[in-house]
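1. can you look at this prediction? I've put the sequence above it.
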Amino acid sequence: MMSSPSPTTAQASSTAVAKRIARTARLALEKKFAVVTAQIDRELESAEDVVIDCFYNADSRTSQLNKDDEYVHLLKLRSRQPFSLVKSIVLKDGEYEGHVALIMKQAFPFAFMKLNMEIRKHVYEYLFESEEKVIRIKTKTGGQKLPYAPGYNTYNRAAILAVSSEVRLEALPVMYDRKFCFESTSILMHFLLQICDGRIYLTDLNVESYVGSTARTSFYLLANCKRLRRIFFKHISSNEQPKTAIKNFWNDAQPWLTAASAGQGDPTAALKLLVFDRTAFHFRVKDPNSKSTSVKAWQLADHLVFVKGLKDKLMDARKV
């Protein structure tokens, strides 16, 4: 024996059906509206200072009698700025005395650039502020490896960059003067390739893992990051002694190390920007008795040897 649905279930089902019907009706109306407005293409002349364009679709400007014995005119109002309808009035005097006028309030662009520079900077700071204080960059899976910030997309914060070239020049340094975090040098590379002219404003980068195949390109792109104050690496290698690490890191980072040190009065200035986690480097040790292999983190002495090796490389490069 089949049981009848409960009142709650029946009500929910009825509500869902009603929503589908309403949605279908709305979509049909939007489609019909789009077809009709596309046919309204005859432009009515207007004064030069009017920013709202008016269009009609009849062959004549005279209203037409419809089947309900009403005189109608279909009009389309269009503007690049917001506007609102106020009311219609009869003009009492002047050239158009006795005519009916449709009153509309047109909005004009806000004079943002007339604000004090300090106020404009506060606006940029407000737009680009992250709740986490760290902007984590990832790449979308699939075809193109496009970088994005999953926790930084409540609305299009970067839209202000497209307002004008002047606003863009002011806002870019504010936008990139914050901490960015990347899961790997691969994501860093894609990010640097995408932001182009924004690279010179980067100040603080955090990279969790070092991928040899993309590290070299990343460092090459970092060479024009003149404002960089810190680049942190959480993990570099799981099996390198200091001597090998010096050689490999130098081969990857040499373009950036020399560029960041140039003009600083200190040929090793770039090393002050580099920060490594204390467990960034490891090496493997094989037990001769058990034949097992263990991974150990570098000691402080190993880190000092590594830094000294890079200093020597930079000093030698200056002599060439």
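-> Received, thanks.
2. use CA for all of it now, contacts and neighbours both
-> Will do.
3. look up how far Ala297 lies from Leu274.
-> Here the criterion is CA to CA, to the nearest Å. By it, Leu274 lies 19 Å from Ala297.
4. same question but for Tyr176, I mixed them up
-> 33 Å.
5. and stretch 289-304, how far out from the chain middle?
-> Counting by CA atoms, centre = their mean, to the nearest Å, stretch 289-304 is centred 42 Å from the centre of its parent chain.
6. give me the mean pLDDT for it.
-> The average pLDDT within stretch 289-304 is 86.
7. ok, now stretch 85-99?
-> Rounded mean pLDDT across stretch 85-99 is 92.
8. quick check: next helix or strand after whichever strand or helix holds Ala34?
-> Taking DSSP states H and E as the criterion, Ala34 maps to helix 7-39. Downstream of helix 7-39, the next assigned helix or strand under DSSP H and E is strand 42-44.
9. strands paired with the very next helix or strand once past that following strand, and their directions?
-> The first helix or strand that comes after strand 42-44 along the chain, using DSSP H and E, is strand 53-56. Here strand 53-56 has these sheet partners by DSSP bridges: strand 42-44 (antiparallel), strand 75-78 (antiparallel).
10. show me where the stretch 151-300 of the chain has helices.
-> For the stretch 151-300 of the chain, applying DSSP state H, counting those that start in this stretch gives helices covering 165-176, 185-195, 212-222, 242-261, 300-319.
11. elements contacting the third one?
-> Helix 212-222 makes packing contacts with helix 185-195, helix 242-261 when contacts are defined by 3 or more CA pairs under 8 Å, 6 or more residues apart in numbering; DSSP states H and E.
12. may I have it as CSV, with CA atoms only?
-> Taking Å, rounded to 0.1, in the frame of the first residue of the first chain, the C-alpha atoms of helix 212-222 are listed here in CSV:
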residue,chain,number,x,y,z
GLY,A,212,63.8,23.3,-10.5
SER,A,213,62.1,23.3,-13.9
THR,A,214,60.4,26.7,-13.2
ALA,A,215,62.7,28.3,-10.6
ARG,A,216,65.1,29.7,-13.2
THR,A,217,62.4,31.4,-15.2
SER,A,218,60.9,32.8,-12.0
PHE,A,219,64.2,34.3,-10.9
TYR,A,220,64.6,35.7,-14.4
LEU,A,221,61.2,37.4,-14.2
LEU,A,222,62.0,38.7,-10.7
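13. low-confidence ranges in the stretch 201-320 of the chain?
-> Counting by pLDDT under 70, the stretch 201-320 of the chain contains low-confidence ranges at 320.
14. in stretch 149-160, what's buried?
-> Residues of stretch 149-160 classed as buried by neighbour count (16 or more other CA atoms under 10 Å): Tyr152.
15. can you start the count at 12 instead of 1 from here on
-> Taking 12 as the first residue, the last one we looked at is stretch 160-171.
16. surely Tyr187 meets Tyr212?
-> Yes. Tyr187 is in contact with Tyr212 according to CA atoms under 8 Å; the separation is 5.7 Å.
17. just give the nearest non-adjacent residue to Tyr187, would you?
-> Using CA to CA, 6 or more residues apart in numbering and skipping the chain neighbours, the partner closest in space to Tyr187 is Leu213 (5.1 Å).
18. for the one you found, give me its contacts.
-> By CA atoms under 8 Å, 6 or more residues apart in numbering, the contact list for Leu213 reads 184, 187-189, 236, 238-239.
19. look up how far Gln50 lies from Pro266.
-> 60 Å.
20. ignore what I typed, I meant Lys324.
-> 72 Å.
21. same question, Tyr231
-> Applying CA to CA, the value for Tyr231 to Gln50 is 55 Å.
22. what residues are up against Asp313?
-> By CA under 8 Å, 6+ apart, the residues touching Asp313 are Pro253.
23. so what pLDDT did the most centrally placed residue in the chain get?
-> Central residue of the chain (CA atoms, centre = their mean): Ala169, 5.3 Å from the mean position. As predicted, Ala169 sits at a pLDDT of 81.
24. which residues are in contact with it?
-> Applying CA under 8 Å, 6+ apart to Ala169 gives the contacts Phe139.
25. same check on Val62?
-> With CA under 8 Å, 6+ apart, Val62 has these contacts: 90-92, 117.
26. most widely separated two among the residues you listed?
-> Arg91 and Gln117 (10.1 Å; CA to CA).
27. show me which of the two is the more surrounded one.
-> For Arg91 versus Gln117, the count of surrounding residues by other CA atoms under 10 Å is larger for Gln117: 14 against 10.
28. just to revisit the earlier point, neighbour count: Tyr231 and Gln50, which is higher?
-> Using other CA under 10 Å as the criterion, Tyr231 and Gln50 rank with Tyr231 on top: 17 against 14.
29. any idea how far the more buried one lies from Met200?
-> Counting by CA to CA - Tyr231 and Met200 are separated by 9 Å.
30. what about the residue lying closest to Ala328 once chain neighbours are set aside, how many neighbours?
-> In space, and not counting its chain neighbours, Ala328 is closest to Thr269: 7.9 Å by CA to CA, 6+ apart. Neighbourhood size, Thr269 [other CA under 10 Å]: 20.
31. cheers, nothing more for now.
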